[in-house]
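Asker: What shape does this take:
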Amino acid sequence: LALASPAAGASILDLGAGAGEAVHLLRALGYDAEGLDLMPRCETVHHGDLLHTGLPEASWDAVISQCSFWVSGDVPGALRESFRILRPGGMLMLSDVEFDPLRPMAEAAGFHILYEEDMTSLWKDYYIEAIWRGDSLCCELPEKKCGYRLLIGRKDENNGSV
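Answerer: Purely as a prediction, here's the structure:
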């Protein structure tokens, strides 16, 4: 949030919101926040697909997503849908697993990248601890090197719809 600097009271949609922890935090900080997830687990998270939200074009000030775009199976599609629902000047705040570089995909969707950081070493520590606790989800992974990336992008005023 500090890197993206959404305006006070901005509307923020959490894509892949799960149990709504980020939505609750955003609301406590004064943002107008909602969540969307295939399996919502609280009243502030609505049922929906982040690839096809069904939301009006240019209807949100910001989109946040943590560890959901890759799981969708279509990272470029998730980026395009995020771009579509953001207002001009809207911010994408994304942290996710990365098997292919996120930046070129985000730029192809129309985002101007303001900040990115390789967070792989922190993610590895977190994941190893989760495995140790028995909290990790096992899944089939591509035969590629895995990383974890934090990316902040903006839908500039001159960016059109995708």
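Asker: Tell me the helices and strands packed up against the lengthiest strand in the chain.
Answerer: In the chain, with assignment by DSSP state E, the single longest strand is strand 86-98. Contacts defined by 3 or more Cβ pairs under 8 Å, 6 or more residues apart in numbering; DSSP states H and E place strand 86-98 against strand 60-66, helix 75-85, helix 102-109, strand 147-154. To be clear about C-beta, it is placed using only N, CA and C from the backbone, and glycine gets the same treatment.
Asker: Name the spans of this protein whose pLDDT lies under the cut-off.
Answerer: 123-144, 158-162 (pLDDT under 70).
Asker: And the residue nearest the centre of it, how far from Gly16?
Answerer: In the chain, the residue lying closest to the centroid (Cα atoms, centre = their mean) is Ser65, at 2.1 Å. Applying Cβ to Cβ, to the nearest Å, the value for Ser65 to Gly16 is 5 Å.
Asker: Now do the shared contacts for those two.
Answerer: By the contact definition Cβ atoms under 8 Å, 6 or more residues apart in numbering, Ser65 and Gly16 are jointly contacted by Leu50.
Asker: How many residues are close by Gly73?
Answerer: As a burial measure, Gly73 scores 9 neighbours (other Cβ atoms under 10 Å).
Asker: Need the three-state assignment for it.
Answerer: coil (DSSP: H, G, I helix; E, B strand; the rest coil).
Asker: Then Ala19 would be within a helix, right?
Answerer: No. The assignment for Ala19 (three-state DSSP) gives coil, which keeps it out of a helix.
Asker: Name the residues of the longest strand of the chain that are buried.
Answerer: Leu86, Arg87, Gly90, Met91, Leu92, Met93, Leu94, Ser95, Asp96, Val97, Glu98 (16 or more other Cβ atoms under 10 Å).
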